[in-house]
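Enquirer: Following is a predicted model, sequence given first.
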Amino acid sequence: MDKHFPFVDWFRNASPYINAHRGRTFVILIEGEAMASGRGEQLIQDLALLHTLGVRLVVVFGTRPQVQEALGQAGVEPMRINGRWVADRAVMTHVEQVAAHQRLWLEARLSLGLPSTPLHGVELSVISGNLVTAKPLGVREGVDFDHSGEVRRVRAGAIEGLLDKGSLVLLPPLGFSSTGEVFDLDAAEVAQHAAVALKADKLILLGESEGLQDEGGALLRQLTPADAEPRLESAPPGSELARHLQAACNAAREGVARTHLLSWRNHDALLGELFTRDGVGTMITQHRYEQLRPAKLNDIAGLLELLEPLERRGMLVARSRERLEHEIDDYMVIERDGMVIGCAALHVFPNTTVAELACVAVHGNYRGGERGERLMEALERRARQRGVSEIFVLTTHTAHWFVEHGFQAASLEELPPLKREAYNHARKSKVLLKALKA
């Protein structure tokens, strides 16, 4: 018997993403807690792997816990307003020292050639510099924030030039003004502005949480900015959740296709999110990457792949490519990141107000998410628009599901003549009928 290597299956499934990510620009934020916890080494290996796969990387690093520790050791207690400290001269001295130390440590680790790892010998050119200009927060609520600032501009042209030369660009949470001053910046804000300025393909925020959860504790895979706003409003000011959600929502609204909220505590999070179809965290996107839409001719291959296992088990009648091409306008599909994971068809019978709901199918990995219901509801709306008053189904395996959704047992005689004549008595499909409300 041939020996099976599970990683081979994973590699085959990941290959479309390897190709899709090559030449793309990713902005990745690594919060300071990840470095403080010792996760830096593993993340550096993952960054090196992405670099070897042709991903253009801009890495932003946070320093909050390290600065807090340095301030504590020096006996300095900064004033805080809405979670943001006032960076006076005493605070700023430690901010600059910690940021410089973190930058040098990262550059040193990325320059090692990653000994004793699978990526030994990989050479990374790491560049940092005055790539972010800043302005002071100024006086807010009667408090002068001194050297606490906000991003004025990211020098996108300079960063693009460095990326074009194969360099990894490193951005500290610092900004520089035209007057030569240095300002303390929020790392999530730096990452957001960099992603927008570079028109990045992805913004990846690595923090404590693995993503957002619903009321039952289940991970929310995808949200639009509108979906995320209520959570942003209820998040404590200045908290990591508030900072990351604000950055994600702003980036999505300003053209960044996808922002990912991941946990640095999960050693597989970064690669798992990028090279699997469902990922491991929460994605914020202006446009849903799972969409219900009318089928097109270029969906035929995906439909055949979806339907073949169900046809083999006798759950669906086999449909040829030619038949699907002929009836494609009758179909709705659910597409998830380029893959057809669900479909259904509405066949309207000429000169009647009756239609057949047919070929309702959802990929085995995506059942239980009410996708079948979404398909049925969409086709019922289409049926009403076309003047259909009744829809029927023929089913051998899923009669109970249809009954739960308003269908009732019917006789063969209640079907349109064309369907009665074509009925396959060998299959003994059950006939179910549903009247549509106007």
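Expert: Cool, got the structure.
Enquirer: quick one, helices of the stretch 201-350 of the chain?
Expert: For the stretch 201-350 of the chain, the helices defined by DSSP state H, counting those that start in this stretch cover 225-234, 240-253, 269-275, 300-312, 321-327.
Enquirer: Equivalent analysis for the stretch 51-200 of the chain, please.
Expert: 64-74, 89-110, 156-164, 187-197.
Enquirer: Of all the ones you listed, which one is nearest Pro225?
Expert: Proximity to Pro225 (C-beta to C-beta) singles out helix 187-197 among those, at 12.4 Å. Bear in mind the C-beta positions are built from the backbone N, C-alpha and C, glycine included.
Enquirer: Against which helices or strands is that closest one packed?
Expert: strand 25-30, strand 56-61, strand 132-136, strand 149-154, helix 156-164, strand 168-171, strand 202-207, helix 240-253 (3 or more C-beta pairs under 8 Å, 6 or more residues apart in numbering; DSSP states H and E).
Enquirer: nearest residue to His363 other than its sequence neighbours?
Expert: Nearest non-adjacent residue to His363, counting by C-beta to C-beta, 6 or more residues apart in numbering: Ile341, 4.2 Å away.
Enquirer: Over to Arg155?
Expert: Leu131 (4.9 Å).
Enquirer: need the contact list for that neighbour.
Expert: By C-beta atoms under 8 Å, 6 or more residues apart in numbering, the residues touching Leu131 are Val154, Arg155, Ala158, Ile159, Val169, Leu171.
Enquirer: And for the one residue sitting closest to the centre of the chain, nearest residue in space, chain neighbours not counted?
Expert: Taking C-alpha atoms, centre = their mean, the centroid of the chain lies closest to Met283, which sits 3.2 Å from it. Distances taken as C-beta to C-beta, 6+ apart place Gln222 nearest to Met283, at 5.0 Å, with adjacent residues excluded.
Enquirer: where does Tyr331 sit relative to Pro350, distance-wise?
Expert: 18 Å (C-beta to C-beta, to the nearest Å).
Enquirer: One more: Leu436?
Expert: 18 Å.
Enquirer: neighbour count winner among the two?
Expert: Comparing Leu436 with Pro350 by other C-beta atoms under 10 Å, the one with more neighbours is Leu436, at 15 against 6.
Enquirer: wait, which of the helices of the stretch 51-200 of the chain is closest to Ala34?
Expert: Between those, helix 64-74 lies closest to Ala34; by C-beta to C-beta that is 9.6 Å.
Enquirer: how about that closest one: buried residues?
Expert: Arg64, Pro65, Gln66, Val67, Gln68, Ala70, Leu71 (16 or more other C-beta atoms under 10 Å).
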